[in-house]
Each structure stands twice: as C-alpha cells, then as structure tokens.
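>>> show me how the following folds:
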Amino acid sequence: MRKKIINSLERLACRMFILLIAAMGFISCSEESPALIPEPTEEEPIEEPKEEPGTNEEPTPIGRSRDILLSAEQQKLVDATISTCFELFRIQNEIEKKKRNGEIEDEFAKVFYDTSNPANIISSPLGMMWSLSMLANAADGNSRQQIIESMNFDGYPIEKINSFFNFIGTQLMTLDSSSKLNIANSVWLRHMLRPYVKESFLNIMSDSFNAPYKYIESFSPNYDGALINEWAARESDGFINPFVYIPDAENKFLLANLIYFNAGWTLPFDEEKSAEETFYNEDGTTSKVKMMSTDYRQFKKVSADEYVALRMPYGNEAFAMIVVWPREDIDKALAEITDNPSRITNLAKDIIVVDGHILRIPKFDFKFTSVFNQIVNGLGIEEIFDESMANFDGMLVDDPNGWTEAHASYAIQTCRISIDEKKTEAGAGSYILGHSGENPDPLVITLDRPFLFFISERSTGLPIFMGRIAQF
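Predicted coordinates:
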C-alpha cells in the first residue's frame, strides 16, 4: 500500500504575477520556497461493492497530519481569505461565461496568445490573493486601502496582513513530509529604477514574503526575461516553464508568487480499472476519455440540492481534492457553492458525514489562461489600474522625470492541471501585466459530464486550487 501511495503523485503548481506598466510591474503564484536568482548570462468496469452501502466505517488515516493552530485574529483572516477566494472564483466563472456567450469581448486573448479551452477554468484564487498582498505593499494611500478592503481585510494594517501570509505560508509548507508544497516569491526590477526603489519595500518583501530581488536590463524573453522562467522552472520542478509571457519588454518591475504542490493520493486509483468511456461536453458534443475508478469505499461527502461533493485526501490527509458532481447543471451547482461555501469548507476540514460510493473520474490535462483585470475589478480593485490615480509610493520614491509613475495594466493567471492514476500536476500563474434535497445520491458517482473540483488544506479549509472541467 505504501508503495502505491508513494507512486501516486499529485503535482500542483500555481504561478501568479502582476504586470504593471509605465512603469509596469508584475505578480505571480506557484508553490516552492524562493531560491537565489541566477546572474544573467553573457547575453543575459465497475466492481461490485464488497460491503453493504450505508455503513459508516472509513479507511484508517495514514499518519494523520497536525492542525494549523490559529489565534482568534488569524482565524478571522483565514475566514476572510476563504470568503474572498470563493468570490473570486464566482466572478471568474461569470466573466468566462459571458465571454463564451459573446456578451463581452476578451480584449486580451490575442495579446497573450491564449489558446485555453473557454469551457474549462483552472484557478488559484489563494495565489492571486498572495500576489495582491505583495501589490498592496507596493501601493500606498487609497490604492493600497482599496486592495485591502477588496480582500475582506479592512480594519487590518498592512503589517498584520504580511504577518498572516508569512505564517500561513510557513505552516502550509510543513504539514506533510510525504508531500511537497512550496510557496516562492521574487521581485524583479529594471536597472533604471535602482535609484528610486525604497529599501523599506525590499526589506518587507524579504522579511514577510521571503522574496529575493534582482535588477535586470530587460523583460524580453530572449534576454533577462528568460531568468524569470528559469526561476519558475526551478521552483516548480520544471512543471511551470515557461512561466511568463510579457508582451512589452519595457516593463519596469514584476512581483512574482509561485505555488507548487506535489502529493500522493492516500488511496490511489487502480490502473487496471481505467477504461475508455464517453464524456458529454457542455457544448453538446462528446469526447472519448480514460475514466479512472475507485473501489467501493467510504467518502466524506456533502449532499446538497444541486450537487454531491466527495473528499479525496492526499498523503497524511493534510490536503485533499474535493470533486463536485452536479445533479443537473454545473452553473446551478457552482451558484449553490458560492452562495454557501461553508459546506465545501467543512468538507475540506473533514468535519462532515461519510457514505459509501464508487467514484469514477476522467484523466485529463488542461491549461487555462485568464486576464484578471475584470475579475479583480469585480472584487472592487480599480484604482491600481488607473494610470492617473494609481499610487505606488509604498515601493517607489518620487521622480521629477516620471520614471516612477506606475499603474497595473494586466492581471493574468495561467493554470495547468494534469491527473492520472499515478499523479496530478497543476500550475497556475497570474501577472497583472449532509443531504438537503429530495434527490437520492447514486451509489456510483461518474464524472462523465461537467464537474468542479477544489484542492484544500484540512485544518483551516483554505482552498488552494479551484477548477471547472466542462469540455474535452
């Protein structure tokens, strides 16, 4: 069993960055502790149940993880973070639906050569919040306050927020020795800004975010921009590469955050049970997929009016994937979840009922890119994108020649997830460049039509990744 656990790996990576032009900077998200940044180069079939359904026995956890112990203040910040993460995911789904329906124009898709399947969404709202917290330190005045309030952190000084993210990051990375969760940050600045960057800002990035900084000549991918991709590749064990695409090599700075996760299923899938089957896509077409299947087992679950959600833990159960099977419509399921995220949060926290099921889920590998401007605007973050109003006095001193005039131009997140019987790999990056219904739950839960997933930490319920799979 332990060999199976070791061989069943799940790798998740999230990169997120903010691209701020004129001067533009940039933020990103992925998981691994920051490493030193290198100097530039010279160029710079379903099995019948073996036990009666409905029993309340569950598998014995393997080396149960410790809890993250929170103070009353930290608990409030965790609650605020969870609420904001679900709100970000709700806004993102609404915007992407409008794009698919032609109600709004995706003005940035061509700029960033986005080839994502618009029906699928892979996201890390937590990574975006990590990036926004770095951005809040670069901002000042109302620009900073707007970011803080939009993240539901109003009433907390920036120092408390920095301390919270430092604490949570450290805790998340040390919960499961059999898994790998790394959170890495870095700061990249053009040489021309050297006289104007505040040492106090760099100290905060180092002390609170463990983020090294580096001055470079250009963000061109053919020059110093390649160094950023090398950094991300190292921090994500090569999974995120390339990490960034910056259409304007004259950007002035970039704030990068990367989250990388690699863990084995506590109870892995049996490859011999996988078989080719049909997936019914959202657009009415069908696709052939390789469907994986568990044995009949006890799952922690939520049974709601619009969905059934099952919890699938990793390693010592510090982390788990929650898969959501919509009873009828994926958007109705998502609406019920975002209206009352406490059910999914409680399932993530493992304080929920158990029931017997067979779960069948397809293998997949998807990439998704989304411009976050409209998403964070929907959250209430607007001033930082306004060329005439953005305030970056937290990072830059005034310059009479205008070198330090800055605003956020793009907020972009690129995510990828790939799962099979042995592993899951996922990456995301952003740069701002109980039963309450009348329907019975089926014994076999087959995800052969659009479904949702969440990957969360157990003791806090913090969601690290979220996704919507609707098209193959």
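
>>> only C-alpha atoms from now on, for both contacts and neighbour counts.
Will do.

>>> just the buried residues of the longest helix seen in the chain, please?
The longest helix of the chain (DSSP state H) is helix 72-100. Buried residues in helix 72-100, defined by neighbour count with 16 or more other C-alpha atoms under 10 Å: 74, 77-79, 81-93, 95-97.

>>> with stretch 311-329 instead?
Buried residues in stretch 311-329 (16+ other C-alpha under 10 Å): 311-327.

>>> where does the prediction get shaky in the stretch 1-150 of the chain?
1-63, 106-118 (pLDDT under 70).

>>> and the longest helix of the chain, what does it pack against?
Applying 3 or more C-alpha pairs under 8 Å, 6 or more residues apart in numbering; DSSP states H and E, one finds that helix 72-100 contacts helix 125-138, helix 330-339, helix 373-379, strand 463-469.

>>> out of these, flag the one nearest Tyr156.
For Tyr156, the closest of the helices and strands packed on helix 72-100 is helix 125-138, at 12.2 Å, according to C-alpha to C-alpha.

>>> for the closest one, packing partners?
Packed next to helix 125-138, using 3+ C-alpha pairs under 8 Å, 6+ apart, are strand 9-21, helix 72-100, helix 141-150, helix 158-172, helix 199-209, strand 253-264, strand 463-469.

>>> need those in a markdown table (columns: distance to Asp224).
A markdown table is the format used below for the helices and strands packed on helix 125-138 (distance: least, C-alpha to C-alpha, whole Å):
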| stretch | distance to Asp224 |
| --- | --- |
| strand 9-21 | 16 |
| helix 72-100 | 32 |
| helix 141-150 | 29 |
| helix 158-172 | 28 |
| helix 199-209 | 20 |
| strand 253-264 | 12 |
| strand 463-469 | 30 |
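
>>> residues in contact with Arg144?
Ala136, Asn137, Asn391 (C-alpha atoms under 8 Å, 6 or more residues apart in numbering).

>>> next one: Glu306
Pro326, Arg327, Glu328, Asp329, Lys332, Ala333, Glu336.

>>> which of these lies closest to Ser178?
For the contacts of Glu306, the nearest to Ser178 is Pro326 (32.2 Å; C-alpha to C-alpha).

>>> which residues touch the closest one?
Glu306, Tyr307, Val308, Lys332, Ala333, Pro450, Phe451.

>>> now those residues: which count as buried?
Looks like these have Glu306, Tyr307, Val308, Ala333, Pro450, Phe451 buried, using 16+ other C-alpha under 10 Å.

>>> and which of these is nearest to Ser65?
Nearest to Ser65 among these: Val308, at 25.6 Å, using C-alpha to C-alpha.

>>> okay, the angle between whichever strand or helix holds the closest one and helix 330-339?
Taking DSSP states H and E as the definition, one finds Val308 inside strand 307-313. For strand 307-313 against helix 330-339, the angle by axes from the mean of the first three to the mean of the last three C-alpha atoms, to 10 degrees is 70 degrees.

>>> next helix or strand past strand 307-313?
Note on strand 307-313: by DSSP H and E, the next helix or strand toward the C-terminus is strand 319-326.

>>> that next one pairs with which strands?
Using DSSP bridges, strand 319-326 pairs in its sheet with strand 307-313 (antiparallel), strand 451-457 (antiparallel).

>>> now do the buried residues in the last one.
By that I understand strand 451-457. Phe451, Leu452, Phe453, Phe454, Ile455, Ser456, Glu457.

>>> so for the chain, the centremost residue is which one?
Ser124 (1.6 Å; C-alpha atoms, centre = their mean).

>>> surely it is in contact with Arg468?
No - between Ser124 and Arg468 there is no contact under C-alpha atoms under 8 Å: 11.9 Å.

>>> mind putting the contacts of Arg144 into TSV with neighbour count?
Shown next, in TSV, are the contacts of Arg144 (neighbours: other C-alpha atoms under 10 Å):
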residue	neighbour count
Ala136	24
Asn137	22
Asn391	23
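
>>> export those as CSV, with columns for distance to Lys288.
CSV is the format used below for the contacts of Arg144 (distance: C-alpha to C-alpha, whole Å):
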residue, distance to Lys288
Ala136, 45
Asn137, 48
Asn391, 51
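
>>> closest one of the residues you listed to Pro268?
Using C-alpha to C-alpha, Ala136 comes nearest to Pro268 of those, at 40.9 Å.

>>> ok, back up a step: pick the most deeply packed of the helices and strands packed on helix 72-100.
Comparing the helices and strands packed on helix 72-100 by mean neighbour count (mean count of other C-alpha atoms under 10 Å), helix 125-138 ranks first with a mean of 27.

>>> next, the angle from that one to helix 72-100.
Using the same axes, to 10 degrees: helix 125-138 against helix 72-100 is 110 degrees.

>>> and helix 125-138, how far out from the chain's middle?
Distance of helix 125-138 from the chain centroid (C-alpha atoms, centre = their mean, to the nearest Å) equals 12 Å.

>>> do stretch 157-173 as well
Distance, centroid of stretch 157-173 to centroid of chain: 17 Å (C-alpha atoms, centre = their mean).

>>> looking at that stretch now, give me its mean pLDDT.
Average pLDDT, stretch 157-173: 97.

>>> again with stretch 446-461
So the average pLDDT for stretch 446-461 ends up being 96.

>>> and it, end to end?
25 Å (C-alpha to C-alpha, to the nearest Å).

>>> how far off centre is it?
Centroid separation between stretch 446-461 and its chain, computed with C-alpha atoms, centre = their mean, is 13 Å.

>>> try stretch 308-323
Its chain's C-alpha centre and that of stretch 308-323 lie 16 Å apart, by C-alpha atoms, centre = their mean.

>>> related to what we said a few turns ago, in JSON lines, list the contacts of Pro326 along with distance to Glu272.
Output for the contacts of Pro326, formatted as JSON lines (distance: C-alpha to C-alpha, whole Å):
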{"residue": "Glu306", "distance to Glu272": "32"}
{"residue": "Tyr307", "distance to Glu272": "29"}
{"residue": "Val308", "distance to Glu272": "26"}
{"residue": "Lys332", "distance to Glu272": "34"}
{"residue": "Ala333", "distance to Glu272": "32"}
{"residue": "Pro450", "distance to Glu272": "24"}
{"residue": "Phe451", "distance to Glu272": "24"}
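
>>> quick one: closest of the helices and strands packed on helix 125-138 to Ile419.
strand 9-21 (7.3 Å).

>>> no further questions, thank you.
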